[in-house]
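*Asks:* Quick one: sequence and predicted model below, then my questions.
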Amino acid sequence: MNVETTVITPIYNSEDFLEETLQSILDQTYTNWESILINDNSTDGSLEIAQRFTQLDSRFKIINKSESGGAAKARNSGIEAAKGRFIAFLDSDDIWLPEKLNEQIS
């Protein structure tokens, strides 16, 4: 099955919010997605949280940057790696309601 939607999330020192953010992706009623998490050289526990989600679900993937480049560059890295027909952006301190992708794709 081809991936229909790529969710791109730049991550920089987001450990206080990241678990809830990634769980909101996992809780989507729409299931044909991949999630690209771009770790922009975080110095807190963000990478470990992201890695835990990649172990929970293979639709999560991490791009690990060795230097911080900011959210725009991180998003561009995600776009370059995206396999989905559609792109959705989710900041690392935001959450989605479970129907968000389903409604957006419709």
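*Replies:* Arrived safely, thanks for sending.

*Asks:* hey, let's count contacts and neighbours off CA atoms from now on
*Replies:* Noted.

*Asks:* Now do the helices in the chain.
*Replies:* Here the chain has its helices, by DSSP state H, at 18-26, 46-56, 71-81, 100-105.

*Asks:* how about the ones you listed, which one is nearest Ile38?
*Replies:* Ile38 lies closest to helix 71-81 among the helices of the chain, at 5.9 Å (CA to CA).

*Asks:* Against which helices or strands is the closest one packed?
*Replies:* strand 5-11, strand 33-39 (3 or more CA pairs under 8 Å, 6 or more residues apart in numbering; DSSP states H and E).

*Asks:* how far does the last one sit from the chain's center?
*Replies:* A distance of 3 Å separates the centroid of the chain from that of strand 33-39, by CA atoms, centre = their mean, to the nearest Å.

*Asks:* same check, this time on stretch 8-27
*Replies:* 7 Å.

*Asks:* for it, how far is the first residue from the last?
*Replies:* 16 Å (CA to CA, to the nearest Å).

*Asks:* Excluding its own residues, what touches that stretch? List them.
*Replies:* The contact list for stretch 8-27, computed with CA atoms under 8 Å, 6 or more residues apart in numbering, reads 35-46, 49-50, 53, 71, 74-75, 78-79, 87-98.

*Asks:* just stretch 44-58 next, same as before
*Replies:* Residues contacting stretch 44-58 (CA under 8 Å, 6+ apart): 11-15, 18-19, 22, 37, 39, 60-62.

*Asks:* Of these, which is the nearest to Thr29?
*Replies:* Leu22 (14.1 Å).

*Asks:* Let me know the pLDDT of the closest one.
*Replies:* With respect to pLDDT, Leu22 scores 98.

*Asks:* I'd assumed Arg59 was in contact with Leu37.
*Replies:* No. Assessed by CA atoms under 8 Å, Leu37 is found out of contact with Arg59, at 10.5 Å.

*Asks:* more crowded one of these two?
*Replies:* Leu37 (27 against 18; other CA atoms under 10 Å).

*Asks:* tell me the contacts of that one?
*Replies:* Per CA under 8 Å, 6+ apart, neighbours of Leu37: 8-11, 50, 60-63, 78.
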